[in-house]
Structures are given as structure tokens and as C-alpha cells.
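Chemist: return atomic coordinates for the entry below.
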Amino acid sequence: MRGNMVISAYVNRIQWRDKSYGSKAKPVPVFLHRIISGDDIERRNAETWKQDRLHPDGQFLQHYLPPAAVKRMRTTPDSINKKYAGYYLRYMLPEDEFERLYEK
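Modeler: Purely as a prediction, here's the structure:
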């Protein structure tokens, strides 16, 4: 993420308010909803193409983002965030922490 970007994101309010979260060891999970402003993807893509033309053997195109990927980054579908959240709950959040957060 660039320093001047403004994004809209989903966070779990329980974890957001929990003081035990927010460290490197126990981060608050954040799921991107959409980029509001400050992205410079087109400029970076143009620079990638320029560098590739100047240095054909340089493998610069691996940094290129196709338009479909840019569109997904700018507005992440809820179906994708649902998969990310499910993955987080299933594989990353410890079972005892899940029970502590959601036992209500």
C-alpha cells in the first residue's frame, strides 16, 4: 500500500476494540473493500512497459497488473472477502481465540 492511498476495508469490530490485538504478534485482520484514492497503478504499469522496452531481457513485465486485476483491487467483491474471512477463521485464528471471541 502506498503512503497516500485511502482505502475502505472490513475489520471485525470485536477484534478492533480488543486491546490484545494490534501488535505484530497478534494483528487485527483487515480485508480490503476498495481503493478510494491515491492509487498509481496505471502510472506504475506504464513505467513497467517502458522499462521492458528499454531492457527487453529485464523481466519487468512480472510487475505488470492486468486490467482485470486492477479492477478487482479497486473494488474487491464480497465473495472474495468471504473466502478470505473463511480462510482466516478456519486456518489462522486459533480455536481457543475463536471461542473467546464468538462464544456469545
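
Chemist: can you give me every residue that contacts the residue nearest the centre of the chain?
Modeler: Most central in the chain under CA atoms, centre = their mean is L32, positioned 4.9 Å from the mean C-alpha point. Residues in contact with L32 (CB atoms under 8 Å, 6 or more residues apart in numbering) are I7, S8, A9, M73, T76, N81. Quick note: C-beta positions are derived from backbone N, CA and C, even for glycine.

Chemist: longest strand of this structure?
Modeler: What stands out as the longest strand in the chain, according to DSSP state E, is strand 30-37.

Chemist: which one of the contacts of L32 is nearest D40?
Modeler: The nearest member of the contacts of L32 to D40, counting by CB to CB, is M73 at 12.2 Å.

Chemist: quick one: the strands in this protein?
Modeler: Under DSSP E, the chain gives strands at 6-11, 30-37.

Chemist: ranking the ones you listed by mean pLDDT, which is last?
Modeler: Lowest mean pLDDT within the strands of the chain: strand 30-37, at a mean of 84.

Chemist: can you put the strands of the chain in JSON lines and add distance to R43?
Modeler: As requested, the strands of the chain are exported to JSON lines (distance: least, CB to CB, whole Å):
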{"stretch": "strand 6-11", "distance to R43": "17"}
{"stretch": "strand 30-37", "distance to R43": "14"}
